[in-house]
Each structure stands twice: as C-alpha cells, then as structure tokens.
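Student: Attaching a predicted model along with its sequence, questions to come.
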Amino acid sequence: MAQQNRRSVYLVALGIVAVGGLVGWWLEQAKTTVTRQAPVISGSMATAAPGPHYSLMCYDCEIPLQVDASTVSETSLPICFNCGATNDIEGLSPQINSVKFHQDAQHDLQRWAEVVFEYQQEQYIKRIVGLPGEEISLEGGELYIGTELYQKTLDEFDQLKVRVFDSRFQPADPAFNLLNRFGVRGDDSGWIFTTDKSFSFDAEEKTHPQWLDYHQWNIVAGFVPPVKRGTSSAIFDYLPFNQFVSRSRLNFVDDFVVDLQLKVFEPGVVRVRMLDAEIELDFHLFNLQVHQSRFLRGSSKIAPIQWNPQGTSITLRLGRLDGRVVVKIGDQVDYFPLIELQLNEDYESDLLVRKVPVSVSVDEGVLDLNEMTISRDIYWLAMDYSSAHWTPEHLLQRDEYFLMGDNQSISRDCRHWGEGITRDAILGLVLEQE
C-alpha cells in the first residue's frame, strides 16, 4: 500500500512539474513576444508600407491611389496608373502611417518577410531578399542566388507585384473607356462590347482565332517628353507612388501576370498571348499548350470541367515570371520554360513589340470576359539604380540578411551600406496591414 501511495505521489509531482514547465514556457513567450509600432518615414517600402503620402480616388475610374506627398503639388498633379487621368489634390492632407511588428526573439525569418531593424542607430523597414550564407546578384531586373536565377512562385509574386491595369475600374469619360483601350484585329466580328462594360465573344461555328488586344498606356508622371493621355507605351519599372521622381532611364518589364475572369457558355479554344509567349487552352479536349515564337515549350492536361448551360465561371492566372510561363486554372498550377525576350538596344523597336503586352483570342463558342487585371513583377536594380550586373562585395555571413526596399529606384539599403544586417539587429516581423 505504501508503495502504491509513493507511486501516486510521484505521478502527481511529475504532473505538477509538467504543468509548471508549460506555464513557464507560456510566460516566457508572453514576455518575449511584444507588439510594437514603427513609423514609416520614407517611401522606400512603397506600396507595401508607404511613407508620407496622399491617399485619393481617381476622379475618372475611381481606383484608389497612393502618391508620395513630397513629389506632387498643385503644379505637378498625380496621374492615375490605371486610366491616365490627372487628379487634383486640393483639400487633401498628407498621411503618415506606422506599421505594427512583433518584437519576438524566437521568430523564424524567411525570404520576403518585411522586418523592422536598427542600423547605425536608425530604425528602418525593409524586406528580406538574401538569407545567411547566400551569394546574391542582380542583373536585368532579376535576382540570382549563386549562379541560379531565383524563380518565384505565384504566392511569392503576389507579395512583390505592382498593379498595372484593372478592368473593374473603368473611366467614365467615353474617350478613354475600354473600347479605346482594347482593339479587335481586322474585320473579326466575334468580340462585342456589352452594355455592362465587359467583352463578350459569340461564334457558333468554328472560325479562325479572333484577337482582342490590350494596349498599354503611358501613365508615367513627368515622362519626358510629355505625352497625351491614352498614348500607347510599354510596361516599365515605374512605381505609381513615385510621381514626378526623376530617373535617367526606365526599364521595360517583361515579367507580369494576367488575371482573367471568364464565364463560358459554350466551350472553345482560348488563346492568351503575352508578348512572344502564347498559351492555348483547349476546353474541348482539356489540353494546355505553351508556345514561344512558334516553338512548343510544353504541354499539360487540364482537369475536366463540368459545363453549366447557364454559364461556368473560370478563373485564370497566366504569367511570364522569372524565366517561366505560369498557368493557374482553379487549383491547378503548371510551369513551363521560357526564353527571356531580348532587347535590340533600339528604343523605338523595343517599345513597338511591347505596346500590346496581352491579347486574348477565341475561335468558337460563347463566353464573357468579365475581368482582366495585369500586375508586373518587381524589377531589381543595382547599387547605382541601373539594370547592370551587380554583386555585393561580401558574402553574407551565417547571421546576416540582405535587406532591400520594394521601391527599388529610391530605397537606400544593403546595396549601399556594403554589408548585411545581423540577426540581433532585426527587431521584429511586420504584421499584415489591416
């Protein structure tokens, strides 16, 4: 009996120790995890964490805009990145934001995390780009780890993307509506612009592919020489937050993702062309093919779709991204190799092939193209803010991180400091903005 009592006491004691350990661990976590705030005093992390800015809504297409408060004025009015309209700032006051971050000694630091840190007794907000021990380099807007091009997933792209166009926000001015932004080639009559301001395709019998072309407009504030609203251009590494910021050169950005919302009533073959890459989606045979300059780059099967006579909604994400073509249909994601489009070093010819970055064609069936959004990839710049090859002088040590600002053309960061940021200097992870 005494032995049984001793065993019971022993088990109770073990339980008390275990509970005590859990409570101690919880108290230690509560003690080491503190939510703090840091002011955003510059635009180096725009648009994820904008510095002092004006927040407004475009008077014409009603898309929300954020612009650097220090670069716009009554004589240099902000230009909408979506429709090119010039907007007034009369009566607006600059906004200064702060970010919340977890000051936690135990947090796990991953690539692309936004962090608050201290450097030379100043507090900064940047993004983790290089991890301890890595050798990074930048060239032509791309990031290399060692000698390998870093290829982002769509989820990673979404953390860094810059929106270029969104059809959900359409100008009220008829001179700049979607009929003037999109064009149908030749005498093709399958595409129509509907009363609810979307495009519809209707061809009961199989025809040739009928192309609907999206024209990129010049929306760069302070572009030299000045251009009229609605002038065709290309997708540049221009950040709309940086209104009227002087740069010696803008770079063509050929990496972008197109989001399409379709409603299919009668299936056919849909093709989407992104510069010199073409994606063919055969919704009869459920085949997917990717071509570049008429050469097959890859193929795959599409998961079968049950068609609803009342219309079947399909979400497509198609992109050129870090040397790959990415195709996402529903939950299915496929990647295919892509050869980067080369520059001819003649500005006018390079511009010409990029004025229509996206085209959509159908050869039969009935469908509605309800939404189109285009977002470009981040374009990494060297220490001198050029697209030239650049490598830091020193390899990152085992406790150092390479941090940069999303606003590549104005951010001062590890590119200029000549060193990484140690783990001890990183105060915490920025929390997702509400």
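Tutor: Cool, got the structure. Bear in mind the structure is a predicted one, so any value in this text is a computation, not a measurement. Residues are numbered from 1 along each chain as shown.
Student: quick one, helices of the stretch 251-400 of the chain?
Tutor: Using DSSP state H, counting those that start in this stretch, the helices of the stretch 251-400 of the chain run over 347-352.
Student: what about the strands in the stretch 251-400 of the chain?
Tutor: Using DSSP state E, counting those that start in this stretch, the strands of the stretch 251-400 of the chain run over 256-266, 269-274, 277-282, 287-292, 295-301, 312-321, 324-329, 332-337, 358-362, 365-376, 400-404.
Student: ugh, wrong one, I meant the stretch 51-200 of the chain
Tutor: Counting by DSSP E, counting those that start in this stretch, the stretch 51-200 of the chain has strands at residues 53-57, 64-68, 98-104, 114-119, 122-130, 136-139, 142-145, 148-149, 162-166, 182-184, 191-193, 199-203.
Student: Quick one: those as a markdown table, columns for mean pLDDT too.
Tutor: As requested, the strands of the stretch 51-200 of the chain are exported to a markdown table (pLDDT from 0 to 100):
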| stretch | mean pLDDT |
| --- | --- |
| strand 53-57 | 98 |
| strand 64-68 | 98 |
| strand 98-104 | 89 |
| strand 114-119 | 97 |
| strand 122-130 | 98 |
| strand 136-139 | 98 |
| strand 142-145 | 99 |
| strand 148-149 | 98 |
| strand 162-166 | 99 |
| strand 182-184 | 92 |
| strand 191-193 | 93 |
| strand 199-203 | 93 |
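Student: Out of these, which is closest to Asn242?
Tutor: Proximity to Asn242 (C-beta to C-beta) singles out strand 64-68 among the strands of the stretch 51-200 of the chain, at 6.1 Å. Glycine gets a C-beta too; all of them are placed from N, C-alpha and C.
Student: So which other helices or strands are in contact with the closest one?
Tutor: Where contact means 3 or more C-beta pairs under 8 Å, 6 or more residues apart in numbering; DSSP states H and E, strand 64-68 is packed against strand 53-57.
Student: doesn't Arg415 make contact with Pro392?
Tutor: Yes: using C-beta atoms under 8 Å, Pro392 is in contact with Arg415, at 7.5 Å.
Student: With neighbour numbers in mind, choose between the two.
Tutor: Shown here are Pro392 and Arg415; by other C-beta atoms under 10 Å, Arg415 has more neighbours (22 against 19).
Student: Not counting its neighbours along the chain, what's nearest that one?
Tutor: For Arg415, ignoring the flanking residues on the chain, the nearest one in space by C-beta to C-beta, 6 or more residues apart in numbering is Met383 at 4.4 Å.
Student: do you know which of the strands of the stretch 51-200 of the chain lies nearest Gln433?
Tutor: For Gln433, the closest of those is strand 98-104, at 7.2 Å, according to C-beta to C-beta.
Student: strands paired with the closest one, and their directions?
Tutor: Strand pairing for strand 98-104, determined by DSSP bridges: strand 33-39 (antiparallel), strand 426-430 (antiparallel).
Student: What lies in contact with the shortest one?
Tutor: Residues outside strand 426-430 that contact it (C-beta atoms under 8 Å, 6 or more residues apart in numbering) are 36, 38, 49, 99-104, 107, 109, 113-118, 123, 125, 401.
Student: Please repeat the previous calculation with a cut-off of 6 Å.
Tutor: Here strand 426-430 makes contact (C-beta atoms under 6 Å, 6 or more residues apart in numbering) with 99, 101-104, 107, 113-117.
Student: gap between the residue nearest to the spatial centre of the chain and Ile339?
Tutor: For the chain, the residue nearest the mean C-alpha position is Lys161 (1.3 Å; C-alpha atoms, centre = their mean). Using C-beta to C-beta, to the nearest Å, Lys161 is found at 22 Å from Ile339.
Student: same deal with Arg247?
Tutor: The gap separating Arg247 from Ile339 is 28 Å, by C-beta to C-beta.
Student: Low-confidence ranges, this structure, go.
Tutor: Within the chain, the ranges that satisfy pLDDT under 70 run 1-33, 105-106, 186, 188, 434.
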